[in-house]
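**Student:** What would the 3D arrangement of this be:
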Amino acid sequence: MSPRHWSYVAMLVFCLAGTLPLVPAFGLRVLRQPRRLLLTLAVAGTPFLVWDLYAARAGTWAFDAAQTLPWRVAGLPVEEIAFFLVIPLVTVLTYEAVRVAGHRNGAGRPRQRTEA
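**Tutor:** Down below sits the predicted model:
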């Protein structure tokens, strides 16, 4: 396998590497609630995974064998299936980090009026 075969995996790793540090930086508790997180990932990813399976089988799109690993599940590259776990995960982590940062900075509170 050439480095090009790992390009999709590299993109997923890059996404995780950019967001996993948010967990300790903002004290996120997302990973401490695995059932809730798995339910969220299932609800977010399953419809798109089903759609992806349908579109690939219908020939609407295909995956470049030169840029994906050779392993397939139901005709999809394993990286494509991982995509539907990784991207919802990084979305949840980013959302939670922004929410925590907003609370720390007082976002969402009504502005106090100052009298001039």
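**Student:** Tell me which helix or strand the most centrally placed residue in the chain sits in.
**Tutor:** Note on the chain: the residue nearest the mean C-alpha position is Ile87, at 1.6 Å, using Cα atoms, centre = their mean. Using DSSP states H and E, Ile87 maps to helix 78-104.
**Student:** Quick one: distance of that helix to the chain centre.
**Tutor:** 5 Å (Cα atoms, centre = their mean, to the nearest Å).
**Student:** Show me which positions of that helix end up buried.
**Tutor:** For helix 78-104, burial by neighbour count (16 or more other Cβ atoms under 10 Å) applies to 79-81, 83-90, 92-93, 96-97, 100. In this view, the C-beta of every residue, glycine as well, is placed from N, C-alpha and C.
**Student:** CA atoms only: put stretch 49-69 into PDB for me.
**Tutor:** Output of stretch 49-69 as PDB, limited to C-alpha atoms (Å, rounded to 0.1, in the frame of the first residue of the first chain):
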ATOM      1  CA  LEU A  49     -24.400   5.500   6.600                       C
ATOM      2  CA  VAL A  50     -27.600   4.000   5.200                       C
ATOM      3  CA  TRP A  51     -27.700   6.700   2.600                       C
ATOM      4  CA  ASP A  52     -24.100   6.100   1.700                       C
ATOM      5  CA  LEU A  53     -24.600   2.400   1.300                       C
ATOM      6  CA  TYR A  54     -27.600   3.000  -1.000                       C
ATOM      7  CA  ALA A  55     -25.800   5.600  -3.100                       C
ATOM      8  CA  ALA A  56     -22.700   3.400  -3.500                       C
ATOM      9  CA  ARG A  57     -24.700   0.400  -4.500                       C
ATOM     10  CA  ALA A  58     -26.800   2.400  -6.900                       C
ATOM     11  CA  GLY A  59     -23.600   3.700  -8.500                       C
ATOM     12  CA  THR A  60     -24.200   7.300  -7.600                       C
ATOM     13  CA  TRP A  61     -20.700   7.500  -6.300                       C
ATOM     14  CA  ALA A  62     -17.700   5.300  -5.700                       C
ATOM     15  CA  PHE A  63     -14.500   5.300  -3.700                       C
ATOM     16  CA  ASP A  64     -11.100   5.600  -5.300                       C
ATOM     17  CA  ALA A  65      -9.200   2.400  -4.500                       C
ATOM     18  CA  ALA A  66      -6.000   4.300  -4.900                       C
ATOM     19  CA  GLN A  67      -6.900   6.600  -2.000                       C
ATOM     20  CA  THR A  68      -8.500   4.200   0.400                       C
ATOM     21  CA  LEU A  69      -7.500   1.100   2.300                       C
END
